[in-house]
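> Need a 3D model of the sequence below.
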Amino acid sequence: MNVNEELIDKLAKLSRLSFDPEEKKARMKDLERMLGFVEQLKEVDTEGIDPLIHINPEVNVLREDQVTEELSQNDALKNAPEHDSFYFKVPKVVENTDK
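Numbering: from 1, shown residues only. Below is the predicted model of the structure:
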């Protein structure tokens, strides 16, 4: 792939960025280095090596939910900043626009 100002301008437009001439040159160098690294990776012999999908061999290890200790309503509400009999009171977050 040829890294030139046209390519940088196209990528900048697609990503809604703007670069001054110095930044454009720096981005060109960065992109050339990245593409060079990808080319190096292409040279690695991966024949017979399975793709790595998960770092850990265990996938979706779940446990059954178990009720261990229940809180009474009073215990649940005792540390609440505000409560009204049986409910937590929270600030209003939705405005009524139907007027």
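
> Next, Gly36: phi, psi?
phi -60, psi -40 (degrees, to the nearest 10).

> okay, now it: neighbour count?
11 (other Cβ atoms under 10 Å). C-beta: built from backbone N, CA, C; applies to glycine.

> repeat for Leu7
14.

> Number the residues from 10 up from this point.
Let's use 10 as the start, then, which means that last one is Leu16.

> what's near enough to touch it?
Residues near Leu16 by Cβ atoms under 8 Å, 6 or more residues apart in numbering: 10, 40.

> Now with 10 Å, please.
The contact partners of Leu16, taken as Cβ atoms under 10 Å, 6 or more residues apart in numbering, are 10, 36-37, 40.

> Same check on Leu80?
Applying Cβ under 10 Å, 6+ apart, the residues near Leu80 are 86-87.

> That one: what secondary structure?
Secondary structure, DSSP: H, G, I helix; E, B strand; the rest coil: Leu80 is coil.

> and the residue of the chain most remote from its centre, how far is that from Glu73?
Centroid-distance maximum for the chain: Ser94 at 40.5 Å, with Cα atoms, centre = their mean. Note on Ser94: its distance to Glu73, by Cβ to Cβ, to the nearest Å, is 34 Å.

> ok, now Glu104?
To Glu73, Glu104 is 42 Å away according to Cβ to Cβ.

> With Val99 instead?
Taken as Cβ to Cβ, the span from Val99 to Glu73 is 32 Å.

> Looking at the two now, which is surrounded by more residues?
In terms of neighbours (other Cβ under 10 Å), Val99 is the more surrounded of Val99 and Glu73; the figures are 10 against 4.
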